[in-house]
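**Student:** Would you be able to build a 3D model of this:
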Amino acid sequence: MDSFIAYIARVEGLAPNTVTAYASRLERFALWCEREGVDARAADVRTVRSYLAELSRDQVAARTLAAHLSAIRSLYRWMAAEGIVEGDAVSAISSPKLPRDLPGVLTNQQVEALLNAPDTSTPAGLRDAAMLELLYASGARISELAALNMESIAWSERTLRLWGKGSKERIVPLYRRALEATRLYIEGGRPELLARAKRRDPATGPHPLLISAHGNRMSAAMLRRRFHTLATLAGIPADIAPHAMRHTFATDLLEGGADLRSVQELLGHASLSTTQIYTHLTPDRLKRAVAQAHPRGE
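**Tutor:** Got it, this is the predicted structure:
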């Protein structure tokens, strides 16, 4: 199993958190096999179904069951490819049916209130303003935002380079207000934060874009905390997460007439079915599409 974990980390380039999650799920499966007297290498469909049934009896949620099965499938697919086992019978097991949760989306009023929440008379406020504008302009995940460097922005092209799941690169355009907020932070806020922390940028890159009061790169957890603080200031419900900005970005694009494939590319979704969930949030757009395209749509 250690070789497989090393493989998905180094070759497939999965995020550290994903690798840790896979390792935890597979370790639990291995312990179960040991307890049941089952050779994990000889596990078949019946074995894996028995394991999933036990998880289900322990009231493990359907989404978590699917995650466990995904990890086990990936392991056996790799072992089959490496010749460690013959065939890949585990892939025949179907995933549990998952609830189709609709993502939380902010209203236009909430977005404006949030974007105006930072105190831009302070270096930290300039940074927070840039953070929020970039979230709304790019549909980035908070982890992708934390990984941004100064070099991630192409000013002449007005684009942002993001590295998504599986280290997949995508380029997204930025609107003028996001670029301006980021420029103000880079010119006025970031140097002041570095100076107060008595830190300097290294001579060579990468140079973290969003930095803390200590002059260090802000982690995803730190950015989440800042987001919740700003959301509270804006009067937005406490259960709204930074991911709501990504959902709002996608929904607003579809409402504005963007095609689903373009939104898929901008979000970095591997499958179009993942992006299609946003069509449930845009009934007005779909009504307009029918009215314009259907021969009897009037």
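**Student:** my guess is residue 111 contacts residue 248, does it?
**Tutor:** Yes. Using C-beta atoms under 8 Å, residue 111 makes contact with residue 248 at a distance of 6.3 Å. C-beta coordinates here come from the backbone N, C-alpha and C atoms, glycine included.
**Student:** all strands for the stretch 101-250 of the chain, in order.
**Tutor:** Assigned by DSSP state E, counting those that start in this stretch, the strands in the stretch 101-250 of the chain fall at 153-154, 159-163, 169-173.
**Student:** Between those strands, which one is closest to residue 21.
**Tutor:** Evaluated over those, closeness to residue 21 peaks at strand 159-163, with 18.8 Å, by C-beta to C-beta.
**Student:** so how far is the closest one from its chain's centroid?
**Tutor:** The chain centroid and the centroid of strand 159-163 are separated by 14 Å under C-alpha atoms, centre = their mean, to the nearest Å.
**Student:** Can you list the strands that that strand pairs with?
**Tutor:** Based on DSSP bridges, the pairing partners of strand 159-163 within the sheet are strand 153-154 (antiparallel), strand 169-173 (antiparallel).
**Student:** which neighbours do residue 111 and residue 248 share?
**Tutor:** Jointly contacting residue 111 and residue 248 under the rule C-beta atoms under 8 Å, 6 or more residues apart in numbering are residue 136.
**Student:** Pick out whichever of these two has more residues nearby.
**Tutor:** Taking neighbours as other C-beta atoms under 10 Å, residue 111 and residue 248 compare with residue 248 leading, 24 against 20.
**Student:** any low-confidence regions in the stretch 151-298 of the chain?
**Tutor:** Within the stretch 151-298 of the chain, the stretches falling below the threshold (pLDDT under 70) are 279-298.
**Student:** Tell me where it has helices.
**Tutor:** 176-184, 190-196, 220-233, 243-255, 260-267, 272-275, 283-293 (DSSP state H, counting those that start in this stretch).
**Student:** Let me have those helices in JSON lines, adding distance to residue 14 as columns.
**Tutor:** Output for those, formatted as JSON lines (distance: least, C-beta to C-beta, whole Å):
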{"stretch": "helix 176-184", "distance to residue 14": "29"}
{"stretch": "helix 190-196", "distance to residue 14": "31"}
{"stretch": "helix 220-233", "distance to residue 14": "16"}
{"stretch": "helix 243-255", "distance to residue 14": "19"}
{"stretch": "helix 260-267", "distance to residue 14": "18"}
{"stretch": "helix 272-275", "distance to residue 14": "17"}
{"stretch": "helix 283-293", "distance to residue 14": "34"}
